[in-house]
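In: Generate coordinates for the sequence data below:
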Amino acid sequence: MKITDKSIDGGKTFDWGRTSKDYAKYRDIYPREFYNKIVKRKLCINGQNVLDVGTGTGVIPRNMYQYGADWTGTDISENQITYARLLSQNMHIKYLVSATENLDFSDNSFDVITACQCFWYFDHKITSALFDKILKDEGRLLLLYMAWLPYEDNIAGASEDLVLKYSPKWSGAGETMHPIAIPDVYEDRFELIYHEEYPLKVHFTRESWNGRMKACRGIGASLSTDEIAEWEKEHMELLKKIAPDEFDILHYVAIAELKKKPSTPS
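Out: Below you'll find the predicted structure:
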């Protein structure tokens, strides 16, 4: 599914389905601490019906399946959902190919909606009302994000510079630790009740870090096959110069938990 948004990458078209194979292999990288934080909030656990929008290859449902929630994952990319289903064999996770704005669930269907690495892609005028509609009373909207810190980690910074060489308008660069931005349109329907931002280190090999970078929007989801191959050759040469065989990359995690407000009588 090709996506073009003038506010993302200068309007350059991208398609996550083009990088699904690498996404499935290299982007399932959230440490245990990431999931423990969610469980400590009593979210995505036994007895809850959870919707993961923008699920990609099903990373969140698959890794949290052990905690007992009933999961549904949706994504705009058919290729992403194909890999999600493949990787979720023997798990009772329902997957659906759909843009988030077009989801058609019954009112009060879910206890929790999770959105990991995807919140900024939505048409918030539509999704704020949709999430309110399909969440149960006092349901939770849980926003999740993790990114490397290029100004604090030399390897991440060098890799990011190389992405920018090939995709100069890539807007995923230059991250610093900050709370998740929540558009004002959510204020009428949701209350921010908790947020947290914290640093953590994620372990990689040269191969897995190269794969993680290749599976980003600025490379695998948007460049031509020849451009990707050229970038990858240059990136592996770079890593041999600046990185040991195994290393940690400094990231940060941001969590925002929003609670559905009570409906106002008409």
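In: And the helices in the chain?
Out: Ranges of helices in the chain, per DSSP state H, are 20-26, 32-40, 59-64, 78-87, 124-134, 154-166, 206-214, 225-242.
In: And the fifth one, what does it pack against?
Out: Packing contacts for helix 124-134, counted by 3 or more C-beta pairs under 8 Å, 6 or more residues apart in numbering; DSSP states H and E, involve strand 110-116, strand 190-205. C-beta here means a position set from N, CA and C on the backbone, and glycine is covered the same way.
In: what residues does the longest one touch?
Out: In this case it means strand 190-205. For strand 190-205, contacts defined as C-beta atoms under 8 Å, 6 or more residues apart in numbering pick out 29, 31, 33-34, 37, 41, 128, 131-132, 141, 148-149, 177-180, 182, 212, 245-261.
In: Show me the shaky parts of the stretch 151-266 of the chain.
Out: 264-266 (pLDDT under 70).
In: since we're on Lys259, how many residues are nearby?
Out: Residues within reach of Lys259, counting by other C-beta atoms under 10 Å, total 15.
In: wait, what's in contact with Phe14?
Out: 2-4, 8, 217, 221-222.
In: residue contacts, the spatially most central residue of the chain?
Out: Residue closest to the average C-alpha location in the chain (C-alpha atoms, centre = their mean): Gln117, at 2.2 Å. Residues counted as contacts of Gln117 (C-beta under 8 Å, 6+ apart) are 54, 56, 144-146.
In: just the buried members of the contacts of Phe14?
Out: Among these, those classed as buried by 16 or more other C-beta atoms under 10 Å are 3, 8, 217, 221-222.
In: for the residues you listed, which one is nearest Ile76?
Out: Closest approach to Ile76 among these (C-beta to C-beta): Ile3, at 7.5 Å.
In: any idea how far the closest residue to Met177 other than its chain neighbours is from His92?
Out: Leaving aside its sequence neighbours, Met177 sits nearest to Tyr252 (C-beta to C-beta, 6 or more residues apart in numbering; 4.2 Å). Counting by C-beta to C-beta, to the nearest Å, the gap from Tyr252 to His92 is 33 Å.
In: Pick out whichever of the two has more residues nearby.
Out: Tyr252 (18 against 8).
In: Please give me every residue in contact with the residue nearest to Met177.
Out: Going by C-beta under 8 Å, 6+ apart, Tyr252 touches 146-147, 149, 175, 177, 197-200.
In: picking that back up, filter the contacts of Phe14 down to the ones in strands?
Out: When DSSP state E defines the strands, the subset of these inside them is empty.
In: returning to what we had before: Provide the partner residues of the residue nearest to Met177 in its beta bridges.
Out: Ala147, Pro199 (DSSP bridges).
In: Make TSV from the helices of the chain and add distance to Glu187 and mean neighbour count to it.
Out: Below are these laid out as TSV (distance: least, C-beta to C-beta, whole Å; neighbours: other C-beta atoms under 10 Å):
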stretch	distance to Glu187	mean neighbour count
helix 20-26	33	21
helix 32-40	24	14
helix 59-64	25	22
helix 78-87	31	18
helix 124-134	9	18
helix 154-166	33	18
helix 206-214	35	20
helix 225-242	41	14
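In: Buried by neighbour count, from the contacts of Tyr252: which ones?
Out: 146-147, 149, 175.
In: quick one: contacts for the nearest residue to Asp28 once chain neighbours are set aside?
Out: Sequence neighbours aside, Val59 is the residue nearest to Asp28 in space, at 5.1 Å (criterion: C-beta to C-beta, 6+ apart). By C-beta under 8 Å, 6+ apart, Val59 lies in contact with 27-28, 30, 116.
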